[in-house]
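**Q** predicted model and sequence below, questions to follow.
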Amino acid sequence: MNDTPQIRLALAKGRVAKVAINLLEKIGWSFPDYSPGSRKLVFEDSTGRLAFFLVKSPDVPTYVEKGTADLGIVGRDVLMEHPAKVYEMLNLDIGRCRMCVAGYPGTTFSYNRKLTVGSKYINIAKQYFDSIDQPADLIEINGSVELAPVLGLSDVIVDIVETGDTLRENGLDVLTTICEISSRLIVNQVSLKTKTDAILPVIEAFEQAESGD
């Protein structure tokens, strides 16, 4: 067992990490040093074979691509917005939601009129509007994106929608759904080859937990 390499897992901070840690414990790993208020940066399980650390969601693919982490759990929205050379292994169905175009009801798209689009997902928005040949002027917004159409900064927004309550409370509506979003288990391409015997049991445990076995 001492020859087994330690597997490092990068988790996106927030709700995804909370659910992922609970899932890890459910499938057999315990982290005695972990608590939500801890100032530690890296947490090892009781066997020392698995360790995780918490980072901002856009950084997860970077840590995995560069090999600092062997595995990562992060939303599909991040992988779409910040493409990385990693393998996407499993859909964990954590944090399910939709990536949508939203605006005032009745807002229409037109080839003859450029839309002003507010979003923090600039790459996703560009790819979508390019795919439907809709001219668009993209404005990057990192705060309350729903404010943009309300205050006239943009015609529509591209954002994640869970319940849609915030949109409705501000007179907005989902105009179209771009794609479904949930968290994915990703793996470093080199690690999958060089640490196969250590990584595959972790992936299989996640897979069994998702299937309910």
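**A** Received, thanks. Bear in mind the structure is a predicted one, so any value in this text is a computation, not a measurement. Numbering: from 1, shown residues only.
**Q** domain parsing for the protein?
**A** 7-95+182-211, 97-181 (automatic domain parsing).
**Q** measure the residue nearest the centre of the chain to residue 154 for me?
**A** Residue closest to the average C-alpha location in the chain (CA atoms, centre = their mean): residue 75, at 1.4 Å. Relative to residue 154, residue 75 is positioned 23 Å away (CB to CB, to the nearest Å). (Glycine included, C-beta is placed from N, CA and C.)
**Q** quick one: low-confidence parts of the protein?
**A** 1-3, 210-213 (pLDDT under 70).
**Q** need the strands for it, in chain order.
**A** Listed in chain order, the strands of the chain (DSSP state E) span 7-12, 42-44, 50-55, 71-75, 86-91, 97-103, 115-119, 136-140, 156-161, 173-181, 183-188.
**Q** out of those strands, deepest packed?
**A** Among these, ranked by average contacts under mean count of other CB atoms under 10 Å, first place goes to strand 71-75 (a mean of 29).
**Q** and that one, what does it pack onto?
**A** With contacts taken as 3 or more CB pairs under 8 Å, 6 or more residues apart in numbering; DSSP states H and E, strand 71-75 sits against strand 7-12, helix 15-26, helix 60-65, strand 183-188, helix 196-211.
**Q** CA atoms of that strand as CSV?
**A** Provided in CSV are the C-alpha atoms of strand 71-75 (Å, rounded to 0.1, in the frame of the first residue of the first chain):
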residue,chain,number,x,y,z
LEU,A,71,-8.8,14.6,-10.6
GLY,A,72,-11.2,17.5,-10.3
ILE,A,73,-14.9,18.2,-9.8
VAL,A,74,-16.3,21.3,-11.5
GLY,A,75,-19.4,22.5,-13.3
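**Q** and residue 20, what does it touch?
**A** 11, 73, 92, 94, 183 (CB atoms under 8 Å, 6 or more residues apart in numbering).
**Q** switch the cut-off to 6 Å
**A** 11, 73 (CB atoms under 6 Å, 6 or more residues apart in numbering).
**Q** what distance do you get for it to residue 173?
**A** Counting by CB to CB, the gap from residue 20 to residue 173 is 32 Å.
**Q** now swap in residue 128 and tell me
**A** 17 Å.
**Q** just residue 52 next, same as before
**A** 39 Å.
**Q** what residues sit buried inside stretch 32-42?
**A** residue 34 (16 or more other CB atoms under 10 Å).
**Q** starting at the chain centroid, how far to it?
**A** Chain-centre distance of stretch 32-42: 22 Å, with CA atoms, centre = their mean, to the nearest Å.
**Q** now swap in stretch 42-49 and tell me
**A** On CA atoms, centre = their mean, the centre of stretch 42-49 falls 24 Å from that of its chain.
**Q** contacts for that stretch, please.
**A** 4, 6, 29-34, 51-53.
**Q** try 7 Å
**A** 4, 6-7, 29-34, 51-53 (CB atoms under 7 Å, 6 or more residues apart in numbering).
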